[in-house]
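Student: any chance you could fold what I've pasted below:
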Amino acid sequence: MTLELELRGITRRFPGVVANDRIDLDVRKGEIHALMGENGAGKSTLMSILYGLLHPDEGEIWVRGERQHFSSPNDAIAAGLGMVFQSFKLFPSLTVAENVVYGREPTRGRRLARASAERQVTELAQRYGLAVDATARVEDLPVGVLQRVEIVKALYREASVLILDEPTAVLTPQESEALFEVLRALARDGRTIIFITHKLKEVMAMSDRVTVLRDGRAVARFVTAQTSPAEITRAMTGRDVTPRVTPPAQPPGEPVLRCRGLRIEGEHGRPVVDDATFEVRAGEIVGIAGVAGNGQAELIEAITGLRSVAAGTVEIAGRDVAGGSVADRRASGLSYIPEDRHAVGTAGAADTAANLALGHHRRPPLLRRGLLQPQAVKEHASTLIDRFQIKVSGPETRVGTLSGGNLQKVVVAREMSHGAPLLIAEQPTRGVDVGAIEFIHAEVTACRDRGGAVLLVSAELSEILSLSGRILIMFEGRIVAELGAAEADEATLGLLMAGASPEMVSRHGR
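Tutor: Residues are numbered from 1 along each chain as shown. Model prediction:
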């Protein structure tokens, strides 16, 4: 097959670390090529170099047989490359069409030819099965549609190579499958796809070939049809990874979290969560399953104090905190791994040490006589960096420069080092590698075994099924069913998440 692009000997150094070390990569025209590696292995750095966001210290980029020197993304776009980032690069106040044509607008005189722009965007989206409304305002769209907008934007700029960084990290299973159909259609049309992912299941289902990075080097290359998840995992981590979740050693204790009759209102006073009643006991993990947009996010925001409660109670360790602040809930014994590690979980401009201290900073040894102790903060950070295997040059590194997976490790390390009686874990393994998933699962079950109560929300049904002792299913803002771990499977959960009643599921024998 014809080579679409080659990277030869790409090296990129940052202070204290070699992010890319003489990496060679070749990608063929019309193929779907997966780029894998642990968090901090150098994947995003390599793709940023390919897209002109970073410049290599050494090495060459070749596109369709011609050597390229990209000084900016504009040069990469001119060479036929397009990139869809984890954090979308869109203007919320503009429409879909305005975002897509921005910088290359069709004009009538000196004004935007709006009808022409909307027609071109609609035709392009329909050609590849990308369901988007060209007239919709971006700020009103769900995340799955935003990703389609980014792909349409790249195609509008005539990208023959499409780079996707963790494309399914923020998508539901249904949205992910719809994306895969789009990518397959693009490949059939002769486009070349490079995608970064940590999900082995996606790699085996989607890709033609796989390149694996470890510690900044390309250590393995596979034809997907001739390899296995175990072989790819060994190449990524240098060891066999076999996630094991042990059952609890003893039955659950007293309730730590109690929610009674919770009603949470959205726009125009309509309930987004209605009459949610449940409890999580000491020494158990309770999972919440549901298609995104069915009230899970709002429920967690209400429990953690990020959203007000219209009716009902929230008790943590016997104390009603429904009207209290986030700090009140922290003081009552709450730790929280939020879904959005950027906007909610971390302060991007602050260093790693400060982020790891948040929530601990009002108590000794980090605080003495009302003053933060810088050396204690640094030592605390160093301990957590080692324990949670965060790939960072040091505690003084700004977290905004970390890879998505390592940023997630910062949040997990901070929240799970509290020893708090209640842990709310919302998408705790989103965007992290298989080795980190194994580690985080072990930490969650260790929290349970210490007597902690864990409320787990995850879009990965396999994660819900493997960790949870009980599973709550949400549909249209209500908890419609509760299943024990022994009676749950993906098919059963999928039916209930789609609105089937428990009686209907039972009649069909699950």
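
Student: quick one: residues contacting Lys378.
Tutor: Each residue near Lys378 by C-beta atoms under 8 Å, 6 or more residues apart in numbering is listed here: Ala353, Pro395. (C-beta placed from N, C-alpha, C; glycine too.)

Student: going along the chain from whichever strand or helix holds it, find the next helix or strand for me.
Tutor: Remark: Lys378 resides in helix 374-387, with elements defined by DSSP states H and E. Downstream of helix 374-387, the first helix or strand assigned by DSSP H and E is helix 404-416.

Student: return the distance of that next one from the chain's centre.
Tutor: 12 Å (C-alpha atoms, centre = their mean, to the nearest Å).

Student: show me what that helix is packed up against.
Tutor: For helix 404-416, the elements it packs on are strand 334-337, helix 352-357, helix 374-387, helix 434-449, judged by 3 or more C-beta pairs under 8 Å, 6 or more residues apart in numbering; DSSP states H and E.

Student: among those, which comes closest to Gly404?
Tutor: Evaluated with C-beta to C-beta, these place helix 434-449 nearest to Gly404, the distance being 11.2 Å.

Student: re the thing from before, please identify which of the helices and strands packed on helix 404-416 is closest to Ser44.
Tutor: helix 434-449 (15.3 Å).

Student: chain center to the closest one, what's the gap?
Tutor: How far helix 434-449 lies from its chain's middle: 17 Å, per C-alpha atoms, centre = their mean.

Student: strands paired with the helix or strand following it, and their directions?
Tutor: Downstream of helix 434-449, the first helix or strand assigned by DSSP H and E is strand 453-457. Within its sheet, and counting by DSSP bridges, strand 453-457 is paired with strand 284-289 (parallel), strand 422-426 (parallel).

Student: which outside residues touch strand 453-457?
Tutor: Under the criterion C-beta under 8 Å, 6+ apart, residues 255-257, 280-288, 296, 300, 303, 339, 421-428, 444, 447-448, 463-464, 467-468 lie in contact with strand 453-457.

Student: likewise for stretch 414-425?
Tutor: Against stretch 414-425 from outside (C-beta under 8 Å, 6+ apart): 256-257, 280, 282, 300, 303-304, 316-317, 333-337, 355-360, 384, 387, 443-444, 447, 450-458.

Student: need the buried ones from those selected in ChimeraX.
Tutor: Those of these that count as buried under 16 or more other C-beta atoms under 10 Å are selected in ChimeraX with:
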select :256,257,280,282,300,303,304,316,317,333,334,335,336,337,355,356,357,358,359,360,384,443,444,447,451,452,453,454,455,456,457,458
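
Student: if I look at the closest residue to Glu139 other than its chain neighbours, how far off is Arg110?
Tutor: Leaving out its chain neighbours, the residue that sits closest to Glu139 by C-beta to C-beta, 6 or more residues apart in numbering is Pro92, at 3.7 Å. Separation of Pro92 from Arg110 (C-beta to C-beta, to the nearest Å): 25 Å.

Student: who has more neighbours, those two?
Tutor: Neighbours of Pro92 and Arg110, each counted by other C-beta atoms under 10 Å, are more numerous for Pro92; the result is 12 against 5.

Student: so what's the more buried one up against?
Tutor: Residues near Pro92 by C-beta under 8 Å, 6+ apart: Arg137, Val138, Glu139.

Student: quick one: which of those residues is most hemmed in?
Tutor: Val138 (18 neighbours).

Student: so Arg67: helix, strand or coil?
Tutor: Following DSSP: H, G, I helix; E, B strand; the rest coil, we place Arg67 in the strand state.

Student: what strands flank the helix or strand where Ile163 lies, and is each parallel or antiparallel?
Tutor: Assigned by DSSP H and E, Ile163 belongs to strand 161-165. Using DSSP bridges, strand 161-165 pairs in its sheet with strand 81-84 (parallel), strand 192-196 (parallel).

Student: distance from the chain centre to it, please.
Tutor: From the chain centre to the centre of strand 161-165 is a distance of 17 Å (C-alpha atoms, centre = their mean).

Student: repeat for stretch 147-165
Tutor: Chain-centre distance of stretch 147-165: 20 Å, with C-alpha atoms, centre = their mean.

Student: name the residues of that stretch that are buried.
Tutor: By neighbour count on 16+ other C-beta under 10 Å, the buried set for stretch 147-165 is 147-157, 159-165.

Student: can you list contacts of stretch 368-375?
Tutor: For stretch 368-375, the surrounding residues in contact (C-beta under 8 Å, 6+ apart) are Ala357, His361, Pro365, Leu366, Leu367.

Student: what's the ChimeraX syntax to select whichever of the residues you listed are buried?
Tutor: Buried subset of the contacts of stretch 368-375, written as a ChimeraX selection, criterion 16+ other C-beta under 10 Å:
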select :357,366,367
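
Student: and the contacts of stretch 368-375, which of them are in helices?
Tutor: Using DSSP state H, the subset of the contacts of stretch 368-375 located in helices is Ala357.

Student: and the contacts of stretch 368-375, which is the shakiest by pLDDT?
Tutor: For those, the weakest pLDDT value sits at His361, with 85.

Student: against Ala317, how distant is it?
Tutor: Where Ala317 is concerned, His361 sits at a distance of 22 Å (C-beta to C-beta).

Student: can you report phi and psi for the residue located most distally from the centre of the chain?
Tutor: Relative to the centre of the chain, and counting by C-alpha atoms, centre = their mean, the farthest-placed residue is Gly109 at 43.3 Å. The phi/psi pair for Gly109 (degrees, to the nearest 10) reads phi 70, psi -120.
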